[in-house]
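**Q** what's the 3D shape of this:
(chains A and B)
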Amino acid sequence: MSKAGGESFEDRSYVVFGGAGGMGWATCARLAEAGARVLAVDIDAERGRAAEAELGIEFIQGDVLDLEPVKAGIEERLEAIDGLVYAAGIHEHGRFPAVSEEEWDRVFAVNVRGPFFLIQALMERFRSPGASIVAITSLEEFIPVAIVSSTTPAYAGSKAALGLASKSLATHLGAQGIRINSVAPGLVRTPLSASVLDTAEEWTARRTPLGRWADPEDIADVILFLLSDDAGYVTGQSITVDGGFGLGQIRGE
Amino acid sequence: MPASEGHLARRRLDGKHVVVTGAAGGIGSEVCRRVRRLGGTLTAIDVPDRADSPLWEELEAPFIGIDLAGGLDEAHAALAPIESLDGLVNVAAVGPKEVFPEYTDSAWDLIFDVNLRAPMHMTQALFPRFQPGTAIVNFLSLEGLSVVNTSGKTAAAYAASKGALATFTRTLAVDLGRAGHRVNAVAPGLIATAQTAAISDASRQWVIGQTPLGRVGEPIDVAKVVGFLLSSASRFMTGEEITIDGGFGMWLGR
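**A** Residues are numbered from 1 along each chain as shown, chains lettered A, B, ... in the order given. The predicted structure follows:
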């Protein structure tokens, strides 16, 4: 088969931070299947090792709040990095007006501060020109969403911050031929969303033009497009992948 | 995992038939080549006097000549030979010529007829022949999403037509999503084509200086993104716009 449209991921190395979670796992799986070398980093060692065994990828345990060992672990394994996917993310559990300062800070630390300093730490290793970075944000990069409970201001604020920080970074990275974009998923079936899915799948699917929730692979395929040279003139963009859910207040039948 | 389900296979267009308007133009012809390279087949559409172009033989594509400024009935009649389709790419557009305060009704109407009404004609006329999961890609412009003034004058009519097409794209995505079809758009920045060759060197250099990736775009940069939006790799995207401008439009530089 011709490689066109597949591009080739062979001889390329990718870091997927948060690679043991739902979308991170799917991204690792897709990249590995397409022939790439994949290094997953995750705080969850058990699932990380499962990914390593099941997908034939490499794994190191790491916490984005403690970047020194993460940087060392990545640099030890990869001379040059063709792409980074930041798939880690958390939301607050407390609901307004009961969100603690610690929780707010932790959400911003994992969702915004972490990826920024991770990118800064890996600058020497990104292939220049040619590397591509994808930050997974959320529909909440643009619009507050409440599914089973009230909205989550810390999460929404952090995702908007990550999206705009990525655009700002694009101006710095562009000079070195490095691209950065965000992917903003809507409702995705992941271990994290399982409880929401149980209670709200029906009405949310009705309000989604494509009529269903995303599987993590639906998001991973868009991430791989942005990592590939097919997106070679695309940088500083936020790409929504939500089946149309975020287009507006869409009434289900 | 079977090869047919992998990411690389999902990026291809094998077995899909794609209808492209503005197929003779700089970007349109590159979109056509991309569709063919990805394994798809084509029907090429452009104004009738492009019927003799050697492109159609190169692309192994039947050509249909339509005046896209014409009416819905004409579109229905001209599109009759297309039996079925999996993709529709509305590239054809009328570029900015007049500027404020020199707009005439006829110039304004031509821009809106070709840039906004023709994509509606194409979509509506071909809708009964959409195969399951048909993907539509409309062509916006950076000017449909933000204000661009590279040469000292804005192109208000052109920009308004593209802005309206952006809204048309998003709203149609809701209607067509229920039937399992997708509607997305691309918004190219400055792309090197015969149409943009007239831009002054000073303007071009200014754009390059404001572009994080440090170059103007090539038609293939746009065609590759269109190929992705036609493919099943983008199966959960609808009502979305992808800007292809090297980052030019997303910041305010010096």
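**Q** who's in contact with the closest residue to chain A within the stretch 51-200 of chain B?
**A** Residue of the stretch 51-200 of chain B nearest chain A, by Cβ to the nearest Cβ: residue B:177 (2.6 Å). Quick note: C-beta positions are derived from backbone N, CA and C, even for glycine. The contact partners of residue B:177, taken as Cβ atoms under 8 Å, 6 or more residues apart in numbering or on different chains, are A:208-211, A:243-244, B:238-239.
**Q** let's go with 6 Å and repeat that
**A** Residue B:177 sits next to A:209-210, A:244, B:238 when contact means Cβ atoms under 6 Å, 6 or more residues apart in numbering or on different chains.
**Q** Among these, which one lies nearest to residue B:117?
**A** residue B:238 (21.8 Å; Cβ to Cβ).
**Q** Any stretches of the chain with poor pLDDT?
**A** Just going to use chain A. A:1-7, A:253 (pLDDT under 70).
**Q** Not quite, go with chain B.
**A** B:1-4.
**Q** the strands in chain A, which residues?
**A** Assigned by DSSP state E, chain A shows strands spanning A:13-17, A:37-42, A:58-61, A:83-86, A:132-136, A:179-185, A:238-241.
**Q** Given the first one, what are its sheet partners and their directions?
**A** The reference is to strand A:13-17. strand A:37-42 (parallel), strand A:83-86 (parallel) (DSSP bridges).
**Q** Chain neighbours aside, what residue packs nearest to the residue of the stretch 51-200 of chain B closest to chain A?
**A** residue A:209 (2.6 Å; Cβ to Cβ, 6 or more residues apart in numbering or on different chains).
**Q** now swap in residue B:75 and tell me
**A** residue B:121 (4.1 Å).
**Q** Check which helices and strands the helix or strand containing that neighbour is in contact with.
**A** Assessed by DSSP states H and E, residue B:121 sits inside helix B:118-126. Packing partners of helix B:118-126 (3 or more Cβ pairs under 6 Å, 6 or more residues apart in numbering or on different chains; DSSP states H and E): helix B:72-78.
**Q** buried residues in the helix it packs on?
**A** Neighbour-count burial for helix B:72-78, counted by 16 or more other Cβ atoms under 10 Å in any protein chain shown, picks out B:75, B:78.
**Q** Residues touching it, excluding its own?
**A** Against helix B:72-78 from outside (Cβ under 6 Å, 6+ apart): B:64, B:66, B:121, B:125.
**Q** what about the helices in the chain?
**A** The chain I'm using is chain A. A:22-33, A:45-55, A:67-77, A:101-108, A:114-122, A:153-174, A:194-206, A:216-227 (DSSP state H).
**Q** Please refer instead to chain B.
**A** B:7-10, B:26-37, B:55-58, B:72-78, B:105-112, B:118-126, B:142-145, B:156-177, B:201-210, B:219-230.
**Q** Contacts only, for the closest residue to residue B:91 other than its chain neighbours.
**A** In this structure, residue B:91 finds its nearest non-sequential neighbour in residue B:22, 3.6 Å apart by Cβ to Cβ, 6+ apart. For residue B:22, the contact set (Cβ under 6 Å, 6+ apart) comprises B:28, B:91-92.
**Q** Residue numbers of the stretch 151-254 of chain B in contact with chain A?
**A** For the stretch 151-254 of chain B, the contact set with chain A under Cβ under 6 Å from any Cβ of the partner chain comprises B:170, B:173-174, B:177, B:212-213, B:217, B:221, B:224, B:227-228, B:233, B:236-240, B:243-244, B:246-247, B:250-251.
**Q** Got a quick ChimeraX command for the buried subset of these?
**A** Buried residues within those, by 16+ other Cβ under 10 Å, are selected in ChimeraX with:
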select /B:170,173,174,177,212,213,217,221,224,227,228,233,236,237,238,239,240,243,244,246,247,250
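**Q** I'd guessed residue B:184 sits against residue B:240; true?
**A** Yes - using Cβ atoms under 6 Å, residue B:184 is in contact with residue B:240, at 5.1 Å.
**Q** what's the overlap in contacts for these two?
**A** By Cβ under 6 Å, 6+ apart, no residue touches both residue B:184 and residue B:240.
**Q** quick revisit: closest to residue B:155 out of the contacts of residue B:177?
**A** Of all the contacts of residue B:177, residue B:238 has the smallest distance to residue B:155: 28.2 Å, by Cβ to Cβ.
**Q** show me the contacts for that closest one.
**A** Contacts of residue B:238 (Cβ under 6 Å, 6+ apart): A:209-210, A:244, B:173, B:177, B:182-183.
**Q** Mind doing that once more with 8 Å?
**A** Residue B:238 touches A:209-210, A:243-244, B:173, B:176-177, B:182-184, counting by Cβ under 8 Å, 6+ apart.
**Q** just residue B:65 next, same as before
**A** When contacts are counted by Cβ under 8 Å, 6+ apart, residue B:65 touches B:45-51, B:78.
**Q** and residue B:198, how many residues sit next to it?
**A** 8 (other Cβ atoms under 10 Å in any protein chain shown).
**Q** right, I mislabeled it, should have said residue A:251
**A** When neighbours are defined as other Cβ under 10 Å, residue A:251 has 8 of them.
**Q** Am I right that it is in contact with residue A:209?
**A** No - Residue A:251 is not in contact with residue A:209 according to Cβ atoms under 8 Å; the separation is 11.4 Å.
**Q** so how far is residue A:160 from residue A:168?
**A** Counting by Cβ to Cβ, to the nearest Å, the gap from residue A:168 to residue A:160 is 13 Å.
**Q** Who has more neighbours out of these two?
**A** residue A:160 (19 against 15).
**Q** quick one: the lengthiest strand in chain B to chain centroid distance?
**A** Determined from DSSP E, the single longest strand within chain B is strand B:130-139. How far strand B:130-139 lies from its chain's middle: 12 Å, per Cα atoms, centre = their mean, to the nearest Å.
**Q** contacts for it?
**A** B:17, B:22, B:27, B:84-91, B:93, B:119, B:123, B:165, B:168-169, B:172, B:176, B:179-186, B:188, B:226, B:229-232, B:234-235.
**Q** residue contacts, the closest residue to residue B:140 other than its chain neighbours?
**A** Nearest residue to residue B:140, sequence neighbours excluded (Cβ to Cβ, 6+ apart): residue B:187, at 4.1 Å. Applying Cβ under 8 Å, 6+ apart, we find residue B:187 in contact with B:140-142, B:144-145, B:162, B:166, B:241-245, B:249.
**Q** Now that we have the residues you listed, which of them are buried?
**A** Buried among the contacts of residue B:187 (16+ other Cβ under 10 Å): B:140-142, B:144-145, B:162, B:166, B:241-245, B:249.
**Q** Counting neighbours, what do you get for residue 66?
**A** With no chain named, the answer covers chain A. If we define neighbours as other Cβ under 10 Å, then residue A:66 has 10 of them.
**Q** ah, I was thinking of chain B
**A** The burial count for residue B:66: 20, using other Cβ under 10 Å.
**Q** mind listing what it touches?
**A** Residue B:66 makes contacts with B:21, B:45-48, B:74-75, B:78-79, as judged by Cβ under 8 Å, 6+ apart.
**Q** Buried residues, stretch A:198-209. List them.
**A** Here stretch A:198-209 shows A:201, A:204-205, A:207-209 as buried, counting by 16+ other Cβ under 10 Å.
**Q** can you list the residues you listed in CSV and add distance to residue B:37?
**A** As requested, the buried residues of stretch A:198-209 are arranged in CSV below (distance: Cβ to Cβ, whole Å):
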residue, distance to residue B:37
A:201, 39
A:204, 38
A:205, 36
A:207, 38
A:208, 33
A:209, 30
